[in-house]
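A.B. asks: Sequence first, then the predicted structure:
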Amino acid sequence: MKIRNIEIKNFRGIHDLSWAPKPHVNCLIGPGDSGKTTVIDAIELALGLRQQATFDDSDFYNANPDNDIAITVTLGELPPSFKDRYWRVVRGWNAEKEKIIDEPDEANGLETVLSSRLSVDKTLEPKWRIYAERPDDETKEDHRFTYEDRQLMAPTRLGNYTDRHLGWGRQSILARLSGKERIGTEALAKAARAARSSFGSGSEDLFKDAIEEVGKLAREVGVKFNAALSPKIDFQGVSLNSAGISLHQGDLPLRLLGAGSARLLVAALQDHAGDTAPFALIDEVEHGLEPHRISRLLRYLKSPLHHSPPQLFLTTHSPVVLVELSVDDVAVVRRDPSSGKVDVLSARTDAPGSVAQAQLRSAPSAFLARSILVCEGKTEAGLVRGLDQHWVKEDKTPLATAGVAPTNGDGKDKAPIAAKHFSKLGYRVALFLDSDHDPDDTSILPALEALGTAVIRWETGKATEDVLFGDLGRDGIEELIKLLEEWDTEGTGTFLLQINSEANQGLVKNFEELKGRCAEPEMRKVLASSAKRNQWFKRIDRAEEVGARVLGPQLTELRKDNAACIEQLRNWIDGD
């Protein structure tokens, strides 16, 4: 079975949500209080095996019980027995339009589906039923899934506490793998007899004094025993059931494993039991796991080899998780705080797959930020990081505190596409571009501005290198030359050779001579041209040094138009 659609109304922070999840992996990301965990909880409540749950007013949207909770989960890929047994209430699913049609029509391409609904009104009494809307009276009565069928559709949830799955208690994975939910009474009886026999053997000395005292008092009051007294387990006073049987390694129960190891093992067990658990729910999948174990777990769960993967629903705040996923596996949860409407947006959008996937691989942290600054390339991304260091020294809000993630857009043509991609996912976005060359797509910058994306550019016709060598004061250029000296770690004079080659004549013999002439207009042009041609700053680490040690401290000396560009950037970071 697969979940085709989830509808949530008036449940906790969600006033209204309708979402058609992917058939395999659905990793929900988004800011705090967006509703990620609420979605996971809603699935578990609507499809849970044991239809018992306690609600209070805080479970209603805005804590208002006058608006009924309604959680509807629609299931596809139904077993034939479901279609036969619940034929009165089956519905149709239009996959292309992601729409539910109340009348099934497989002949016209609709998939036959069933909807499980949990509703709660102000009485706080939860009610589960199979939901459908019909004009006739066939569905007026409550249709319910049988307990046996609920077993087939019940999800498994891997939470922070995995102890119960490492024993044979009710609904544990080991019980499912054993082929039944409880160990049989005969097996428990045998275990009880073995425990009683083992306990009695050699335990008399432990209770010797008490036994002698009981015998003495019994004789004094005239109570006779037909056999000798001995300590044994009384199973009327001690509960022994399947929950008391747990898996051990040697003499230690597996529940004593570390949190990460236990989660890994239980996740694998749950996945292995996929035939009876078609849906797996994992909240904060990274909890208790080191990066390499996160990678191993996700690759195992996603692999179609050797097992039938369940439909996965995950939440995460970890970039390590995102790196291991496809852009099709990720969905961004957006909640409008004023209306409570929640949208779940596929992380692919309409951007070319290569651009969307590249951003997920190279800048996973950006997907977890509130605001994203897409920089044209490594030079601009590094400069922003360096400026951030400088701003922190001036007691301005750091990028991380402001919730801003700078990311490398990989060039003048791809960066605007990435900015558009993030904007459509509901992020607050700015694009930081050179202005020596416009994007090939002449329509994309106006389209970005129409989406509310801030487009920040240097003075017309200038690249970053032109700004640094052409618009900074003499002190700034001398600091840049000092950096070139430091980067020439092998003393080969590579930068000087490149500068002289650019001028097509031997202009300078050493860095000191270069510093003496760096303010000359012609030398500024040579330095800027050589920097662009030889890509001096096309490394994030170098550009970051330039931002922190040169551009930041020399901002007051920067020419007016480009100083305004940096001011616009800072204002956007601060939210102005």
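C.D. replies: That came through fine.

A.B. asks: next helix or strand past the helix or strand where S295 lies?
C.D. replies: Assigned by DSSP states H and E, S295 belongs to helix 291-302. Counting by DSSP H and E, the next helix or strand C-terminal to helix 291-302 is strand 311-315.

A.B. asks: what does that next one contact?
C.D. replies: Contacts to strand 311-315, defined as CB atoms under 8 Å, 6 or more residues apart in numbering, come from residues 2-3, 21, 23-29, 36-37, 39-40, 43, 155, 278-285, 301-302, 321. C-beta coordinates here come from the backbone N, C-alpha and C atoms, glycine included.

A.B. asks: Only whichever of these are buried, select them in ChimeraX.
C.D. replies: The command below creates a ChimeraX selection of those among the contacts of strand 311-315 that count as buried (16 or more other CB atoms under 10 Å):
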select :2,3,21,24,25,26,27,28,29,36,37,39,40,43,155,278,279,280,281,282,283,284,285,301,302,321
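
A.B. asks: Helices - which of the contacts of strand 311-315 land there?
C.D. replies: Among the contacts of strand 311-315, the members found in helices (DSSP state H) are K36, T37, V39, I40, I43, L301, K302, V321.

A.B. asks: Closest one of these to A95?
C.D. replies: I43 (19.5 Å; CB to CB).

A.B. asks: contacting residues for that closest one?
C.D. replies: I3, I6, V73, P155, F279, L281, F313.

A.B. asks: Was I right to think A548 contacts W391?
C.D. replies: No - taking CB atoms under 8 Å as the definition, A548 is not a contact partner of W391, at 9.8 Å.

A.B. asks: out of the ones in helices among the contacts of strand 311-315, what pair is the most spread apart?
C.D. replies: Once CB to CB is applied, the ones in helices among the contacts of strand 311-315 give T37 and K302 as the farthest pair, at 21.7 Å.

A.B. asks: what's the spacing between the residue nearest in space to the middle of the chain and T37?
C.D. replies: Central residue of the chain (CA atoms, centre = their mean): T316, 2.6 Å from the mean position. To T37, T316 is 11 Å away according to CB to CB, to the nearest Å.

A.B. asks: What mean pLDDT does the one helix or strand E522 maps to get?
C.D. replies: If you go by DSSP H and E, E522 is part of helix 521-533. The average of the pLDDT scores along helix 521-533 is 93.

A.B. asks: what does stretch 345-364 give?
C.D. replies: Mean predicted confidence for stretch 345-364 is 85.

A.B. asks: How about stretch 44-57?
C.D. replies: Computed over stretch 44-57, the mean pLDDT rounds to 90.

A.B. asks: could I have it exported to CSV, CA atoms only?
C.D. replies: Taking C-alpha atoms only, stretch 44-57 is exported to CSV below (Å, rounded to 0.1, in the frame of the first residue of the first chain):
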residue,chain,number,x,y,z
GLU,A,44,0.4,7.6,12.9
LEU,A,45,-3.0,8.6,14.5
ALA,A,46,-5.0,8.0,11.4
LEU,A,47,-3.5,4.6,10.5
GLY,A,48,-2.4,3.3,13.9
LEU,A,49,-3.3,-0.3,14.8
ARG,A,50,-4.7,0.5,18.3
GLN,A,51,-7.4,3.1,17.9
GLN,A,52,-6.9,4.6,21.3
ALA,A,53,-5.7,8.2,21.7
THR,A,54,-6.2,10.9,24.3
PHE,A,55,-6.9,14.5,23.2
ASP,A,56,-7.3,17.8,24.9
ASP,A,57,-8.1,21.3,23.9
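
A.B. asks: now it: how far from the chain's centre is it?
C.D. replies: Here the centre of stretch 44-57 is set off from its chain's centre by 24 Å, with CA atoms, centre = their mean, to the nearest Å.

A.B. asks: What residues of it count as buried?
C.D. replies: Counting neighbours by 16+ other CB under 10 Å, the buried set in stretch 44-57 is E44, L45, A46, L47, G48, L49, Q51, F55.

A.B. asks: and if you look at stretch 569-576?
C.D. replies: So for stretch 569-576, counting by 16+ other CB under 10 Å, buried means L569, W572, I573.
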